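Enquirer: Fold the following for me, if possible:
(one chain, ligands or ions: 1)
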Amino acid sequence: MIQSEILFLKQEEVIEAGLLDMKQILDACTKTYELLGQGEIINHPKTSTRIPDPVNWTSFFNSMPCYIGGDIKVGGIKWACESKKNAETPGIPYGIDIEILSDPDTVLPFAIMDATLITAMRTSAVAGLFAKYTAPKNCKVATLVGAGVIGRTALMAVNETVPTLETVYLCDLDLKKAEDLAAEFKGKVNFEIIPATDSKACAEKSTLVITQTTSRTPFVTKDWVKKGMTFINMAGFEMELDVLRESNQLFVDYWTQIITNSGKAVTKLYNAGEIKKDDVVELADLVLGKHPGRKTDDEILYCSSMGLGALDAMIAYAMYKNAKEKGLGTVLKQWDKPLWE
Ligand SMILES: NC(=O)c1ccc[n+]([C@@H]2O[C@H](COP(=O)([O-])OP(=O)(O)OC[C@H]3O[C@@H](n4cnc5c(N)ncnc54)[C@H](O)[C@@H]3O)[C@@H](O)[C@H]2O)c1
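Expert: Now for the predicted structure:
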C-alpha cells in the first residue's frame, strides 16, 4: 500500500532548510520564470476571497494553485492571507501563508510548510529581478518605500541584483521601523541605508524606486517621474496611473494573472483601452533573454508584480528537499488506511 506521509515544516525548520539565502531564492525564481516562459508551468490566476467584500476588505484569503513541469514535476498551492488588523497588532505578521505540495502522479500531498517567509523572500526576489533588468546602468541611489516584512527582503534582494548601489533611502511613515531595519542591516549589505519618512524627497535623489507598502491610496505621483528612473510597484495602490503613462516601457510578472486584478494600475490602463498586451513585457521574457529590459539610459520604466504561485511551490520544493537531507520536520499522515478506495 502506498503510504500517505506528509512532511510538516514549521517556519523555523523552513529557515533551517536555507530559506533566508537570497542567492538561492533568486536562482529558484529565475528558474520558475524560465519554465513559465517555456510553457512548462500551469499557473492559474489566484482567486481572492475578500472579507467582508472586494472593495471594503479588512482581510483576505488568496488561493494560488500551480503545476511545475520540466525537471521539477510538482503540484502546489499556497493559501496566502493578509489582515489589516494584523498591521496594527504586535506579534502577528500582516501576511500569513501556508503551502501544500503534491505528487502529480498519485496526487498525494507530501509536504505542508509555513510559507509566510517564502512569500516575503520570493516577492522581493521578483523586485530584485525587475531591478536587475531595468535599473539604470551604474545605479547608485535607490529609494525603498515600506520598511515592513517585504521591505526587509527588498534590501536583501537589491543587495544581490544591483551591485552598483551605494545609498538606499529606506522610507516608512513609521520612522522607527526604518531605523530598526537600517540598524539590523548595517554592515550586512554593500550600501549605506538612510532611514527617512519623506519618500518623495528621497526619490528625487534616486534613479530606482521600489514600493512595498500597505498604502490604499497612490502616493507616487507624476511629479516624482524623471528621465532614466525605474519604478517597481510591489503592492496594489501606490502609484498614480500617470506614472505608467509617463513610462516608456511597462513590465509585469505575469500578464495572464495581473489583468484579473482590477485594482492593479496596469489593469486599469488595460481596462480603459489605453494599453494592450503587446505594450507590456513579461518577466519571463527578460529572464529568457528575449527582451533586454532597459534599452537606453533616459528611459522611464515601470514594473508591477502580483506574485506567482509557482514561485512559492518551486521554493517550497527546494526547502522540502533540503529538509529531507537535514532530517528536519514532523511526519504527518492523512490516514493509516483509506476507508474507501
Ligand atoms: N507583489 C507581491 O507578490 C506581494 C506579495 C506579498 C505582499 N505584497 C504587498 O506588499 C505590501 C507590504 O507587505 P508587508 O507584509 O511588508 O506589510 P507590512 O505591514 O510588514 O509593511 C508595510 C509597511 O508600509 C508602511 N507604509 C504604509 N503606507 C505607507 C506610505 N504611504 N508611505 C510609506 N510607508 C508606508 C507601513 O508603515 C509598514 O511599515 C502589501 O501591500 C502586500 O499586499 C505584494
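
Enquirer: pLDDT score assigned to residue 149?
Expert: pLDDT, residue 149: 93.

Enquirer: Based on its surroundings, how many neighbours for the residue of the stretch 1-150 of the chain found nearest the ligand?
Expert: The minimum distance from the stretch 1-150 of the chain to the ligand, using C-beta to the nearest ligand atom, falls at residue 148 (1.8 Å). Glycine gets a C-beta too; all of them are placed from N, C-alpha and C. Residue 148 sits with 21 neighbouring residues when counted by other C-beta atoms under 10 Å.

Enquirer: Equivalent analysis for residue 74, please.
Expert: By other C-beta under 10 Å, the residues close to residue 74 number 20.

Enquirer: Provide the partner residues of it in its beta bridges.
Expert: Counting by DSSP bridges, residue 74 is bridged to residue 68.

Enquirer: dump the residue contacts of it.
Expert: Contact analysis of residue 74 by C-beta atoms under 8 Å, 6 or more residues apart in numbering lists 67-68, 101-104, 313, 317.

Enquirer: and with 7 Å instead?
Expert: By C-beta atoms under 7 Å, 6 or more residues apart in numbering, the residues touching residue 74 are 68, 101, 104, 313, 317.

Enquirer: Counting neighbours, which of the residues you listed comes out on top?
Expert: Counting neighbours by other C-beta under 10 Å, the top entry in the contacts of residue 74 is residue 313, with 32 neighbours.

Enquirer: what about it, which SS state?
Expert: Following DSSP: H, G, I helix; E, B strand; the rest coil, residue 313 is assigned to helix.

Enquirer: now do residue 188
Expert: Taking three-state DSSP, the label given to residue 188 is coil.

Enquirer: pLDDT at it, what is it?
Expert: Predicted confidence (pLDDT) for residue 188: 97.

Enquirer: ok, how many other residues are close to it?
Expert: Around residue 188 there are 10 residues (other C-beta under 10 Å).

Enquirer: Residue 55: how many residues sit nearby?
Expert: For residue 55, using other C-beta under 10 Å, the count is 7.

Enquirer: Determine the three-state secondary structure at it.
Expert: With three-state DSSP as the criterion, residue 55 reads coil.

Enquirer: That one and residue 263: what is the separation?
Expert: To residue 263, residue 55 is 9 Å away according to C-beta to C-beta, to the nearest Å.

Enquirer: Let me know the helix or strand that residue 66 is in.
Expert: Assigned by DSSP states H and E, residue 66 falls within strand 59-68.

Enquirer: what does the stretch 201-341 of the chain have sitting close to the ligand?
Expert: Within the stretch 201-341 of the chain, the positions near the ligand by C-beta under 6 Å from any ligand atom are 212-215, 219, 234-235, 305-307.

Enquirer: Any of the residues you listed buried? List them.
Expert: 212-214, 219, 234-235, 305-307 (16 or more other C-beta atoms under 10 Å).

Enquirer: which SS state does the residue nearest to residue 333 when sequence neighbours are not counted fall under?
Expert: Nearest non-adjacent residue to residue 333, counting by C-beta to C-beta, 6 or more residues apart in numbering: residue 4, 5.4 Å away. Following three-state DSSP, we place residue 4 in the coil state.

Enquirer: Just the pLDDT at residue 4, thanks.
Expert: Per-residue confidence (pLDDT) for residue 4: 85.

Enquirer: ditto for the one 3 residues further on
Expert: The pLDDT attached to residue 7 in the predicted structure is 98.

Enquirer: For it, list each beta-bridge partner.
Expert: Residue 7 forms beta bridges with residue 111, residue 331, as assigned by DSSP bridges.

Enquirer: With residue 62 instead?
Expert: Residues in a beta bridge with residue 62, per DSSP bridges, are residue 48, residue 80.

Enquirer: Give me the neighbour count for it.
Expert: 19.
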